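*Asks:* Curious how this folds, go ahead:
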Amino acid sequence: MYFVWVPNEPDPYRGTDVRKIIDPSADAATLRADLADLTYDGLVSAWHSSDHRLETESDVRRRCALVTLRGLILDELERRSTWRYRRWLRLGGPTRTRARGPADAEQGR
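*Replies:* Predicted structure coming up:
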């Protein structure tokens, strides 16, 4: 099981115009290194992609690998920016769309 992320915008400093491939069943050290190489938007994309995959995956081992990956995504978000991570917790998830306010979070948007 693999996830592939194609960046929305090229980043000349990080080489984000290259596809990122992450195997959720890889060991934790490999996953941490892969996630550390993603941009914030890449992490957001990984979060949403893994959420969608988790909803459709029926194999228990793959679901466990996805849950582990999602935990590591959260760890990486917190490591990069504690305030952004805390905001994420308040507002319901990382997003590339418009900034959401408390009223949106309360209404489940």
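
*Asks:* how about the helices in this protein?
*Replies:* Using DSSP state H, the helices of the chain run over 28-36, 40-56, 60-80, 82-91, 102-106.

*Asks:* May I see those helices arranged in CSV, with mean pLDDT, distance to residue 22 and mean neighbour count as well?
*Replies:* C-beta coordinates here come from the backbone N, C-alpha and C atoms, glycine included. Below are the helices of the chain laid out as CSV (pLDDT from 0 to 100; distance: least, CB to CB, whole Å; neighbours: other CB atoms under 10 Å):
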stretch, mean pLDDT, distance to residue 22, mean neighbour count
helix 28-36, 93, 5, 15
helix 40-56, 86, 7, 16
helix 60-80, 92, 7, 16
helix 82-91, 84, 20, 13
helix 102-106, 45, 28, 10
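
*Asks:* and the ones you listed as a markdown table, adding distance to residue 20?
*Replies:* Shown next, in a markdown table, are those (distance: least, CB to CB, whole Å):
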| stretch | distance to residue 20 |
| --- | --- |
| helix 28-36 | 7 |
| helix 40-56 | 6 |
| helix 60-80 | 13 |
| helix 82-91 | 20 |
| helix 102-106 | 29 |
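
*Asks:* So for residue 21, which of the ones you listed sits nearest?
*Replies:* helix 28-36 (8.3 Å; CB to CB).

*Asks:* That closest one relative to helix 60-80, how many degrees between them?
*Replies:* Helix 28-36 and helix 60-80 are oriented at 50 degrees to each other (axes from the mean of the first three to the mean of the last three CA atoms, to 10 degrees).

*Asks:* CA atoms of helix 28-36 as PDB?
*Replies:* Output of helix 28-36 as PDB, limited to C-alpha atoms (Å, rounded to 0.1, in the frame of the first residue of the first chain):
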ATOM      1  CA  ALA A  28       8.600   4.300  12.000                       C
ATOM      2  CA  ALA A  29      12.000   5.800  11.400                       C
ATOM      3  CA  THR A  30      11.500   5.700   7.600                       C
ATOM      4  CA  LEU A  31       8.100   7.200   7.900                       C
ATOM      5  CA  ARG A  32       9.400  10.000  10.100                       C
ATOM      6  CA  ALA A  33      12.100  10.800   7.600                       C
ATOM      7  CA  ASP A  34       9.600  10.800   4.700                       C
ATOM      8  CA  LEU A  35       7.200  13.100   6.600                       C
ATOM      9  CA  ALA A  36      10.000  15.400   7.600                       C
END
